[in-house]
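Engineer: Provided below for reference: sequence and predicted model.
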2 protein chains.
Amino acid sequence: MLDLLGPLVVSNSTKIVLLSLDGLAGLPHPRTGKSEMETARLPNLDALATEAACGLLRHVAPGITPGSGPGHLGLFGYDPLRYPVGRGVLEALGIEFDLRAGDVAARGNFCTVDGAGLITDRRAGRIPTEVCVQLTERLRTIRLPGVEVLVEPVKEHRFVLVLRGPGLVGGLSETDPQMLGKAPLPVRALSPAATRTAELINAFIDEARRRLVDAAPANMVLLRGFDQLPELPRFPEVYALRAAAIAAYPMYRGLAKLVGMDVLKTGGSFADEIATLHEHWAAYDFFFVHYKDTDKAGEDGDFDAKVAALERFDSFIPAIRDLGPDVLVVSGDHATPSILAAHGWQPVPALVWSRYCGADPVTAFTERACAAGTLGVIPAHHLMPLIMANALRLTKFGA
Amino acid sequence: MLDLLGPLVVSNSTKIVLLSLDGLAGLPHPRTGKSEMETARLPNLDALATEAACGLLRHVAPGITPGSGPGHLGLFGYDPLRYPVGRGVLEALGIEFDLRAGDVAARGNFCTVDGAGLITDRRAGRIPTEVCVQLTERLRTIRLPGVEVLVEPVKEHRFVLVLRGPGLVGGLSETDPQMLGKAPLPVRALSPAATRTAELINAFIDEARRRLVDAAPANMVLLRGFDQLPELPRFPEVYALRAAAIAAYPMYRGLAKLVGMDVLKTGGSFADEIATLHEHWAAYDFFFVHYKDTDKAGEDGDFDAKVAALERFDSFIPAIRDLGPDVLVVSGDHATPSILAAHGWQPVPALVWSRYCGADPVTAFTERACAAGTLGVIPAHHLMPLIMANALRLTKFGA
């Protein structure tokens, strides 16, 4: 799709806003038969849906529940199956760690081992984050030949390990045996090129064991998801768009940076994000604006909070329309149905508004209504070509 | 898709029922403008569709009419274009022949040749099945060096030939010149590895000619579709499901066996099949239940009989729902529109019911209504991932 698009991109002065409501899609409440989107009063989104072309997005494939990484890559036009992003890299992006080309990143867990070195708790009793911070400081004192060792706390028992230096290669087996009563495994290189990296990681693990010997319950580490930054085509170049990301949460800033967008400094609330949008309106052609509250409420299994989050979001639509975007798009990175209290595989409503989006029968922004829209049920990575077309930034294919 | 799924599968105790109505989809009757599904009274299926997520399945590709083999492989999650099953293998499965790895199977026809050995009837006047049985007994007396020769009658002029022994290779040209007035062709090896197999088959043909010399109109044989059992990923392992098949017809039992399902002993009616389902409910996670009558009526071009078959099927839905499946799926392997009196290429309605299937506007189980469902129009082999997701048996893709 990106290869197809490249030669068709033409310049224009049109402005695009892509609003991503994290975990947008939901499921009907068993009592009312209505989803969060159907329960919420969304007058501004309904009005926009009435004027827009609507449909449903699938981010990976039918039945596959997307993580936030694949979900947003899909929205940005990258097929998540063609551009996989490793767990270690996502973990590093999630704390906005400045991961560089060639770095090998891994997701780390503190765990508990007994006197014989056998695992008794794979999450070290979910130690408080403060303890995690102290223990990662111990791990930072580890020295390995020829590479820098970077260790960053995440939350509770989780941390990120990054090795930085020449000649490192990802693709190592994980050390978590995924069951209690076993010793952590040494890493193995999954290709000959990764042999030295595997040796360095195993040396790190030995040192970590020594430095944590008195730190029970967090007296050992487990490492997995070894990976390097993927080589992604750069968004601003692929689409010839000056592209900016506005997101309060580090994971989404990280994903936007991964594809080469400018990440704008913003505050912690969505009102701050919209203020940032107004402030930088003149300087960019494309804005990715992220809204987290819908996902948070869904993950908490709080149906009413998700309804309220949707209604809060709706109230910001007039302030966005006031800017006069040429293309205004509302969708999300995956479903987070409250009754699942987790990400879901359900397709996600999408609306594309522009002067040229076409007649469409949908008059409400809900899962059920968007199923009958003219966009159909499409892979999420087909959305960006539609956006580009609506922005009159694509020429025709073939004469 | 299967590669994608593998690492995402998690265990659960949920139960899944996949009901396959053979030849489900139809076409409007020219007089009423309503299809068989639209004409039938289907109160139980309509109620289920109202609660379910609905859509249309394409089993191979737009415009391609699936045979029963590809149609069911699609339902089981195998892309029929990636996992082709040869004609000879399907013919052997259709009589529930115990085909083994390494066997080469071919579809055989008795035909009529004149004194000069030129074909005058490619189907030997469709001899009665009893004659076919007698003549295959003659063919069974043929001996070939180093291999067993197995010949099984099918129906009328059709039989199955299987060679069993070490070093056999499928991939031979067919012997049917596809026109009258020509002699049957010798087979040719389509790869060097198949040379010896080709020689053995040609020796079989020479012997068959001798043994049938007095058997006009069935005085010669034509062979085609030489193939070996395909290596398919095993369904119970791919999906981590204890999987059972309930089907009165041998072809469908054979297809289920091909992917590694347990094939349950059942009677000849759909009531027997449902009794079998109840009987084995505790022992399996996944049941594939096959209903033949819709296809039979469609193949006969009997619109009213197909309507009646649909209504009969509908009456069994309460007995199935009484079991309390977590995921209940109704679809089919291909269309068999009565006005075609044959398989058709039209997409096939599908409904996926579970607690988590999502809001969906469809309230009737018909071709037209399902076109507006939230599943969209999807390849049939995307159905199993959806089923697995609804059974909460898949973890998310990416963090």
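Structural biologist: Happy to help now that I have it.

Engineer: going forward, measure contacts between C-alpha atoms and count neighbours the same way
Structural biologist: Fine.

Engineer: So residue A:329, which state does it fall into?
Structural biologist: strand (DSSP: H, G, I helix; E, B strand; the rest coil).

Engineer: wait, residue A:168
Structural biologist: Residue A:168 is classified as coil under three-state DSSP.

Engineer: and it, how many neighbours does it have?
Structural biologist: If you count neighbours by other Cα atoms under 10 Å in any protein chain shown, residue A:168 ends up with 19.

Engineer: Disregarding residues adjacent in the polypeptide, which is nearest to it?
Structural biologist: Of all residues not flanking residue A:168 in the chain, residue A:197 sits nearest, at 5.6 Å (Cα to Cα, 6 or more residues apart in numbering or on different chains).

Engineer: Can you classify the one you found by secondary structure?
Structural biologist: Classification of residue A:197 using three-state DSSP returns helix.

Engineer: And for it, the neighbour number?
Structural biologist: Using other Cα under 10 Å, residue A:197 has 22 neighbouring residues.

Engineer: so who does it touch?
Structural biologist: A:168-170, A:189 (Cα atoms under 8 Å, 6 or more residues apart in numbering or on different chains).

Engineer: can you tell me the average pLDDT over stretch A:322-338?
Structural biologist: In this model, stretch A:322-338 carries a mean pLDDT of 98.

Engineer: before we move on, the earlier item: out of the contacts of residue A:197, who's nearest residue A:46?
Structural biologist: Within the contacts of residue A:197, proximity to residue A:46 (Cα to Cα) peaks at residue A:170, which comes in at 46.6 Å.

Engineer: so the nearest residue to the closest one once chain neighbours are set aside bridges to which residues?
Structural biologist: Among residues not flanking residue A:170 along the chain, residue A:227 sits closest, at 4.6 Å (Cα to Cα, 6+ apart). Counting by DSSP bridges, residue A:227 forms beta bridges with residue A:105.

Engineer: Residue of chain A closest to chain B, please.
Structural biologist: residue A:63 (3.8 Å; Cα to the nearest Cα).

Engineer: Quick check: that residue touching residue B:392?
Structural biologist: No. Counting by Cα atoms under 8 Å, residue A:63 does not reach residue B:392; the two are 10.0 Å apart.

Engineer: out of these two, which sits in the busier spot?
Structural biologist: Just comparing residue A:63 and residue B:392: by other Cα under 10 Å the higher neighbour count belongs to residue A:63, 24 against 20.

Engineer: so is that one in a helix, a strand, or just coil?
Structural biologist: coil.

Engineer: need the contact list for residue A:243.
Structural biologist: A:235-236, A:261-262, A:284-288 are the contacts of residue A:243 under Cα under 8 Å, 6+ apart.

Engineer: Between all of these, which two are separated the most?
Structural biologist: Greatest spatial distance among those (Cα to Cα): A:235 and A:284, at 13.1 Å.

Engineer: Give me the common contacts of those two.
Structural biologist: Counting by Cα under 8 Å, 6+ apart, the contacts common to residue A:235 and residue A:284 are A:241, A:243.

Engineer: Give me the more crowded residue out of those two.
Structural biologist: Legend: neighbour count by other Cα under 10 Å for residue A:235 and residue A:284, higher for residue A:235 (21 against 17).

Engineer: For that one, which non-adjacent residue is closest in space?
Structural biologist: Closest to residue A:235 by Cα to Cα, 6+ apart is residue A:259, at 5.4 Å.

Engineer: My understanding was that the one you found contacts residue A:229; is that so?
Structural biologist: No. Assessed by Cα under 8 Å, residue A:259 is found out of contact with residue A:229, at 10.6 Å.

Engineer: Can you list the residue ranges for strands in chain A?
Structural biologist: Secondary structure of chain A (DSSP state E): strands at A:16-21, A:53-58, A:104-113, A:119-121, A:148-153, A:158-164, A:220-227, A:243-246, A:262-263, A:286-291, A:327-331, A:348-353, A:376-379.

Engineer: May I have the second one as CSV, with CA atoms only?
Structural biologist: Coordinates of each C-alpha in strand A:53-58 appear next as CSV, following Å, rounded to 0.1, in the frame of the first residue of the first chain:
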residue,chain,number,x,y,z
ALA,A,53,-18.2,8.8,5.2
CYS,A,54,-18.3,6.1,7.9
GLY,A,55,-17.1,2.5,8.3
LEU,A,56,-15.3,0.1,10.6
LEU,A,57,-11.5,-0.5,10.8
ARG,A,58,-9.7,-3.8,11.4
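
Engineer: What is it packed up against?
Structural biologist: With contacts taken as 3 or more Cα pairs under 8 Å, 6 or more residues apart in numbering or on different chains; DSSP states H and E, strand A:53-58 sits against strand A:348-353, helix A:367-370, strand A:376-379.

Engineer: which residues does the spatially closest residue to residue A:171 that is not a sequence neighbour contact?
Structural biologist: Counting by Cα to Cα, 6+ apart, residue A:190 is the residue found nearest to residue A:171 once chain neighbours are left out, at 5.4 Å. With contact set as Cα under 8 Å, 6+ apart, residue A:190 has these partners: A:171-173.

Engineer: wait, does stretch A:179-187 make contact with chain B?
Structural biologist: No. Judged by Cα under 8 Å from any Cα of the partner chain, stretch A:179-187 stays clear of chain B, getting no closer than 14.8 Å.

Engineer: what distance separates the start and the end of that stretch?
Structural biologist: End-to-end distance of stretch A:179-187 (Cα to Cα, to the nearest Å): 16 Å.

Engineer: Could I get the buried residue list for that stretch?
Structural biologist: Burial within stretch A:179-187, assessed by neighbour count using 16 or more other Cα atoms under 10 Å in any protein chain shown, is assigned to A:183-184, A:186-187.

Engineer: now do stretch A:100-118
Structural biologist: A:102-113, A:118.

Engineer: so how far is residue A:238 from residue A:261?
Structural biologist: Distance from residue A:261 to residue A:238, by Cα to Cα: 11 Å.

Engineer: who has more neighbours, these two?
Structural biologist: Under the criterion of other Cα under 10 Å, the comparison of residue A:261 against residue A:238 puts residue A:261 first, with 24 against 15.

Engineer: OK, contacts around that one?
Structural biologist: Counting by Cα under 8 Å, 6+ apart, residue A:261 has contacts A:235-236, A:242-245.

Engineer: what does residue A:124 give?
Structural biologist: Contacts of residue A:124 (Cα under 8 Å, 6+ apart): A:110-112, A:157, A:216-219.

Engineer: Check residue A:353 too.
Structural biologist: By Cα under 8 Å, 6+ apart, the neighbours of residue A:353 are A:48-49, A:51-53, A:327-329.

Engineer: Excluding chain neighbours, give the residue nearest to it in space.
Structural biologist: Per Cα to Cα, 6+ apart, closest to residue A:353 is residue A:52, 4.3 Å.

Engineer: and what of residue A:86?
Structural biologist: In space, and not counting its chain neighbours, residue A:86 is closest to residue A:227: 5.4 Å by Cα to Cα, 6+ apart.

Engineer: count of residues packed around the spatially closest residue to residue A:207 that is not a sequence neighbour?
Structural biologist: Excluding the flanking residues, the one nearest residue A:207 by Cα to Cα, 6+ apart is residue A:142, at 6.7 Å. Around residue A:142 there are 18 other residues, counting by other Cα under 10 Å.

Engineer: Go ahead and confirm residue A:142 touches residue A:149.
Structural biologist: Yes. At 7.0 Å, residue A:142 and residue A:149 qualify as touching, with contact defined as Cα under 8 Å.

Engineer: give the contact list for the closest residue to residue A:33 other than its chain neighbours.
Structural biologist: Once flanking residues are discounted, residue A:33 sits nearest to residue B:359: 8.0 Å by Cα to Cα, 6+ apart. Contacts for residue B:359 (Cα under 8 Å, 6+ apart) come out as A:27-28, A:33-35, A:367-368, B:51-53, B:374.
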